[in-house]
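Trainee: task: produce atomic coordinates for the following.
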Amino acid sequence: DEMVCEEITLFRALHRWATTVNEVGKSGLLNAAERLNVAKDLAATHIRLSSIKPTDLIGIVRKSCLVDERMISEALEYQAVLAEKKSDMQFSKKRKKLKITDFLGAPNGFIWLEKS
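Mentor: Next up, the predicted model:
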């Protein structure tokens, strides 16, 4: 069987399954803690996080606590690098000239800069 849908749809279905409360006493059903652990394993191995929009990674996936923060960070990093390669947007721009006006005796060792 095949299913065609967005990755976030699969994630939401998994999250809903993991957080649904079973009727007590039904035989053969996983308890809440077991379902949560299974869902975490499934999310880690079967959900393609890099295919989920960054806003959904932050607003849905991260808040669910089903996915390790490291994995979310890796997906966001992958997306950022890909966006930089595909975009004409210039992320690093040269600064305007700055001159040091007073750094001797600056409070807390900070150097004060002033635009020229």
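
Trainee: going by C-alpha atoms from here, please, whenever you check contacts or count neighbours.
Mentor: OK.

Trainee: tell me which helix or strand in the protein has the weakest average pLDDT.
Mentor: When the helices and strands of the chain are scored by mean pLDDT, DSSP states H and E, strand 98-102 comes last with a mean of 53.

Trainee: any residues touching the helix ranked longest in the chain, and which ones?
Mentor: If you go by DSSP state H, the chain has its longest helix at helix 69-86. Under the contact criterion CA atoms under 8 Å, 6 or more residues apart in numbering, helix 69-86 has outside partners 49, 50, 54, 57, 62, 91.

Trainee: what pLDDT is listed against the residue lying closest to the fourth one once chain neighbours are set aside?
Mentor: By that I understand residue 57. Take residue 57 and drop its neighbours on the chain: the residue closest to it by CA to CA, 6 or more residues apart in numbering is residue 72, 6.8 Å away. As predicted, residue 72 sits at a pLDDT of 97.

Trainee: just to check, residue 15 is in contact with residue 64?
Mentor: Yes - with contact defined as CA atoms under 8 Å, residue 15 counts as touching residue 64 (7.2 Å).

Trainee: residue 12 and residue 89, how far apart?
Mentor: For residue 12, the distance to residue 89 (CA to CA, to the nearest Å) stands at 32 Å.

Trainee: the more surrounded of the two?
Mentor: residue 12 (14 against 9; other CA atoms under 10 Å).

Trainee: got the buried residues for the helix or strand that contains the more buried one?
Mentor: Per DSSP states H and E: residue 12 is located in helix 7-19. For helix 7-19, a neighbour-count test (16 or more other CA atoms under 10 Å) marks 7, 8, 10, 11, 14, 15, 18 as buried.
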